[in-house]
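**Q** how does the following fold in three dimensions:
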Amino acid sequence: MQTRIVLILSLLAFIAFPTLISGKVVITGAERTEQYLPLLKGKRVGMVVNHTSIVGPKYTHLLDTLLKLDVQVVQVFAPEHGFRGNADAGETVKDGKDSRTGIPIVSLYGNNKKPTAVQLKNIDLILFDIQDVGARFYTYISTMFYVMEACAENQKELIVLDRPNPCDYVEGPILKPAYQSFVGMLPIPVLHGCTVGELAKMINGQGWMTTTKKTCPLTVITMKGWEHGQPYILPVKPSPNLPNAQSIRLYASLCPFEATQISVGRGTIFPFQILGAPDKKYGNFTFTPQSLPGFDKNPMHKGILCYGEDLRSVADVNGFTLRYFLHFYQLSCKGESFFSRARWFDLLMGTDSVRKAILKGESEQEIQNSWKKELQTYQIMRKKYLLY
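**A** Numbering: from 1, shown residues only. Okay, the predicted model is just below:
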């Protein structure tokens, strides 16, 4: 028994190994095992996790860690990109078993995006631990929303293990109800300025779950050593095409190009850091997208030389800007046809007003002014749910 206690204490010390960011020690919610292990005692636990669910200096997966601590994990739910984070954007994630532990894996990016009552039947409590990047259309927070609805409907406990927001700004238009989709479930701006824990509290507090009048039984395990506005460099890439801090900084501003024929660099080793298309009018920088395992296996313009701009060394990118989109729109001289997937653009923006303003020839400042008032209202509401 004594040996077992010593082993558990040593594991807890290992788990709580802090991360030093900008001179400050950051301890994530997942690393604060002393806060949530008592809540798991005697419970059948389901986990919504992926490759970002890591703890300690060796980046040990949370699933492996909890199994070593004798937590009864009975099921894993996998979001977009899968449990190990290697599926392409939009690629169906299949059910299966984790080869390392034998734990069943249920996809939340396949036949259903919301856990069913049957899938929750043998679970008492769900742990959610996934790294977000602060953008409304990053689908991990959509998965969390559906998990919260399922927990509320079936009265299952949810514990959110909080992590920092690496793109911690409040910018862009607020999503309108008519444009709700899996790339925008919540009436929040493009950059929401919250951690996943704060968003979970906001979902409950604002009554945004429409399928039930009940709230989700929620506990947020907060971080230590991080506060809003503090820079944070992710230890692993959160999805296949966000490989570094620059791609995360540019992600919100470049994602709208996915509704056009302009490549954001998928099929290269620097996605969301370059822009281009097979036309010399777009710039002097060249690249050729290729099938690239671990990034994108079937990128747009595969095998075709593209011309455009290299943004890898741009230093003044913070938050959300339309300046790149407006520049390429003006270079295209195509008007409405520039939006090859107009509905997709509107879903990403959460409104059709941005596209219509661009077609009218409005400046970035004019477009920003159109959402300024609603952004101020959101900022006031957001303050109620801030934890840091």
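**Q** domain-wise, how is this protein divided?
**A** 2-234, 245-374 (automatic domain parsing).
**Q** which residues of the protein score low on pLDDT?
**A** Scanning the chain for pLDDT under 70 picks out the ranges 1-23, 85-93.
**Q** among the domains of the chain, which is nearest Leu387?
**A** Proximity to Leu387 (Cβ to Cβ) singles out domain 2-234 among the domains of the chain, at 5.4 Å. For the C-beta atoms, the positions are set from N, CA and C on the backbone; glycine is no exception.
**Q** show me where the stretch 101-250 of the chain has its helices.
**A** In the stretch 101-250 of the chain, the segments counted as helices under DSSP state H, counting those that start in this stretch are 117-120, 140-154, 196-206, 245-254.
**Q** tilt between the second one and helix 196-206?
**A** Using axes from the mean of the first three to the mean of the last three Cα atoms, to 10 degrees, the inter-axis angle of helix 140-154 relative to helix 196-206 is 50 degrees.
**Q** cool, the last one as well?
**A** Using the same axes, to 10 degrees, the inter-axis angle of helix 245-254 relative to helix 196-206 is 30 degrees.
**Q** now helix 245-254: buried residues?
**A** Gln246, Ser247, Ile248, Arg249, Leu250, Tyr251, Ala252, Ser253, Leu254 (16 or more other Cβ atoms under 10 Å).
**Q** got a markdown table for those, with distance to Trp208 too?
**A** Compiled in a markdown table, the buried residues of helix 245-254 are given as follows (distance: Cβ to Cβ, whole Å):
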| residue | distance to Trp208 |
| --- | --- |
| Gln246 | 32 |
| Ser247 | 29 |
| Ile248 | 26 |
| Arg249 | 28 |
| Leu250 | 29 |
| Tyr251 | 24 |
| Ala252 | 21 |
| Ser253 | 26 |
| Leu254 | 28 |
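**Q** Pro57: which of those residues is nearest?
**A** The nearest member of the buried residues of helix 245-254 to Pro57, counting by Cβ to Cβ, is Ile248 at 22.1 Å.
**Q** I figured the closest one hits Asp168, correct?
**A** No - using Cβ atoms under 8 Å, Ile248 is not in contact with Asp168; the gap is 11.0 Å.
**Q** quick one: the strands in the stretch 151-300 of the chain?
**A** Taking DSSP state E, counting those that start in this stretch as the test, the strands found in the stretch 151-300 of the chain are 157-161, 170-171, 191-192, 218-221, 274-277, 285-287.
**Q** out of the buried residues of helix 245-254, which two sit at the greatest distance?
**A** Gln246 and Ala252 (12.8 Å).
**Q** residues near the closest residue to Tyr169 other than its chain neighbours, how many?
**A** Ranked by Cβ to Cβ, 6 or more residues apart in numbering and with sequence neighbours excluded, the top spatial neighbour of Tyr169 is Gly319, at 3.9 Å. Neighbour count of Gly319, defined by other Cβ atoms under 10 Å: 17.
**Q** Glu227 too?
**A** Other residues near Glu227 number 13, with proximity taken as other Cβ under 10 Å.
**Q** how about Gly229?
**A** Using other Cβ under 10 Å, Gly229 is surrounded by 10 other residues.
**Q** tell me who's in contact with it.
**A** Gly229 makes contacts with Asp168, as judged by Cβ atoms under 8 Å, 6 or more residues apart in numbering.
**Q** change it to 6 Å
**A** Listed by Cβ atoms under 6 Å, 6 or more residues apart in numbering, Gly229 has no contact partners.
**Q** likewise for the one 5 residues further on?
**A** Under the criterion of Cβ under 6 Å, 6+ apart, the contact list for Leu234 reads Pro166.
**Q** and the gap between it and Lys383?
**A** Per Cβ to Cβ, to the nearest Å, Leu234 is found 26 Å from Lys383.
**Q** repeat that for Asn241.
**A** Relative to Lys383, and taking Cβ to Cβ, Asn241 is found at 33 Å.
**Q** the more surrounded of those two?
**A** The neighbour comparison of Asn241 against Lys383 (other Cβ under 10 Å) goes to Asn241, with 25 against 8.
**Q** for the more buried one, which non-adjacent residue is spatially closest?
**A** Using Cβ to Cβ, 6+ apart, the nearest residue to Asn241 is Pro271, at 4.0 Å.
**Q** isn't the one you found right up against Pro243?
**A** No - shown here, Pro271 and Pro243 do not form a contact pair, counting by Cβ atoms under 6 Å, at 7.0 Å.
**Q** who has more neighbours, these two?
**A** More neighbours surround Pro271 than the other of Pro271 and Pro243, with 27 against 19 (other Cβ under 10 Å).
**Q** on that earlier part again, could I get the domains of the chain in JSON lines, plus columns for distance to Tyr388?
**A** Shown next, in JSON lines, are the domains of the chain (distance: least, Cβ to Cβ, whole Å):
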{"stretch": "domain 2-234", "distance to Tyr388": "5"}
{"stretch": "domain 245-374", "distance to Tyr388": "18"}
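**Q** gap between the closest residue in space to Glu198 that isn't next to it in sequence and Ser337?
**A** Leaving aside its chain neighbours, Glu198 sits nearest to Tyr385 (4.9 Å; criterion: Cβ to Cβ, 6+ apart). Distance from Tyr385 to Ser337, counting by Cβ to Cβ: 42 Å.
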